[in-house]
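> Fold the following, please.
(2 chains)
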Amino acid sequence: MPIPPPDLSRPLRLVFMGTPDFAVPSLQALLTREEEVVGVVAQPDKPSGRHMVLHAPPVKKYAFAHQVPVFQPQKIRAAETLAHLRDWQPDLIVVAAYGKILPRPILDLPPYGCINVHASLLPKYRGAAPIQWAIARGETHSGVTIMKMSEQMDAGDILVQTQVELGDNETGGSLHDKLAILGAQALGEALALFKQGKLSASPQNEAAASYAPMLKKEDGQINWTQDAVSIEQRVRAFYPWPSAYTYLAGRRLKILGAGVGKENVFAPSVPVAPGSVLGIEATHLSIATGKDCLHISTVQLEGKKTLPISEFLKGRNIVLGLRLGI
RNA sequence: CGCGGGGUGGAGCAGUCCGGUAGCUCGCGAGGCUCAUAACCUCGAGGCCCUAGGUUCAAAUCCUAGCCCCGCAA
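Alright, predicted model coming up:
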């Protein structure tokens, strides 16, 4: 259904809520428009990095650099948080990867509600890690959706949606960067349409909804009984974080680059345990899986640097038949 | 002081516990073999063993301090 345009006699008062890198281009897009960004909400600084030093989230840094007031509530549901937002008197709140579920009072606060930038083609891949799961599950397309926020996670009416084709070498990192930009563009488009009175909202098809749960590090552990195609998809999806990994003699080995080998290098009559080294080549290590084999091309052993397999093999005694994953 | 691994010719590693001529797999150079080769053989060059102190007749190795790289965790 069409959404009536706002009062055009003044710029919109906007509050932006976001935390990580993904949200930065969207904030940037808002700042380059004529609207007035009266405040930015980001998650609190957290200890991170190798020495657990307190670090500001990227959105906070960006907002600081552009002289926009930043608010970092400890509790999104606290009364003071709502009061603070109310003081800013936003016409509309724009959310991009903020990282917390917004409670009803906040959703109802701005006259025009809250809109969200989501990195999937909703209703598919609702949830925290839509970018990575789209690749891990072998989708041919992904995209971004600008939606009106509702209490149910990522279930609000769709305002603008942009699709993108996934490349054969698409990784979680590359798609993240693309969709961050695309999301910012779609956001700008949505705002422009809104001001022209041409924005319309269409409900999501609940029957087609699917979910992309938050990534856990264990999601990266390779199950060698899976088929090589699926494993390769995970290698790409989880690059650069949390990375697909296996074990080499008890030490964690990240698989950062791989391909699928269709060759049948062993006799079908001789069963080879998934995870076994089937071939040692100049450009890759061929590993048995549930179906076909995985050609590992780039690895990183825990504590060591990322290396192409050719370099990795020079200092190590990798033999045919060696089992990975144990 | 969050936990842990590491810095050794151009690359990747061993040697460090138990001080005593610095080694392996490659790469590089020259030559040979071959119809041919990212194949094979021979020879060769290339190292302030991260830095600064200390211990010792003697330190890559032991002690102290520092710098840098990386994994976990977040």
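> give me the element residue A:145 is part of.
Element membership for residue A:145 (DSSP states H and E) is strand A:141-148.
> Remind me what the helix or strand in which residue A:258 is found packs against, helices and strands.
If you go by DSSP H and E, residue A:258 is part of strand A:251-261. Other helices and strands packing on strand A:251-261, by 3 or more C-beta pairs under 8 Å, 6 or more residues apart in numbering; DSSP states H and E, are helix A:228-237, strand A:244-248, strand A:293-301. Where C-beta positions appear, they are placed from N, C-alpha and C, glycine not excepted.
> Quick one: mean pLDDT over the shortest one.
Per-residue pLDDT values over strand A:244-248 give a mean of 95.
> Residue of chain A nearest RNA strand B, please.
Closest residue of chain A to RNA strand B, C-beta to the nearest atom of the strand: residue A:315 (2.4 Å).
> what's around the closest residue to residue A:250 other than its chain neighbours, how many residues?
Computed as C-beta to C-beta, 6 or more residues apart in numbering, the closest residue to residue A:250 that is not its neighbour in sequence is residue A:326, at 7.6 Å. Around residue A:326 there are 12 other residues, counting by other C-beta atoms under 10 Å.
> do the same with residue A:25
22.
> Kindly report the same for residue A:139.
Other residues within reach of residue A:139 by the criterion other C-beta under 10 Å amount to 19.
> Find the residue closest to it in space, skipping its chain neighbours.
Residue A:139's closest residue in space is residue A:166 (C-beta to C-beta, 6+ apart), at 6.3 Å.
> On the secondary structure side, give me the element for residue A:106.
Secondary structure assignment for residue A:106, by DSSP H and E: helix A:104-108.
> what sits against residue A:133?
A:125, A:212-213, A:237 (C-beta atoms under 8 Å, 6 or more residues apart in numbering).
> Tell me the confidence at it?
97.
> go on, residue A:3?
84.
> thinking it is in contact with residue A:200, fair?
Yes. Here residue A:3 reaches residue A:200: they are 6.4 Å apart, a contact under C-beta atoms under 8 Å.
> who's more crowded, the two?
residue A:3 (17 against 13).
> just to revisit the earlier point, and the residue of chain A closest to RNA strand B, how many residues sit next to it?
The burial count for residue A:315: 8, using other C-beta under 10 Å.
> if we can go back for a sec, can you list the residues that contact the strand holding residue A:145?
Contacts of strand A:141-148 (C-beta under 8 Å, 6+ apart): A:113-122, A:125, A:130-131, A:134-135, A:154, A:156-166, A:175, A:179, A:182-183, A:186-187, A:189-190, A:201, A:204.
> With stretch A:105-118 instead?
By C-beta under 8 Å, 6+ apart, stretch A:105-118 touches A:6, A:12, A:15, A:23, A:26, A:76, A:81-82, A:85-86, A:90-97, A:102, A:126, A:130, A:144-151, A:154, A:156, A:159, A:183-184, A:186-187, A:190, A:194.
> Report the mean per-residue pLDDT for that stretch.
96.
> now for it, what's the gap between its first and last residues?
Stretch A:105-118 has its terminal residues 21 Å apart, counting by C-alpha to C-alpha, to the nearest Å.
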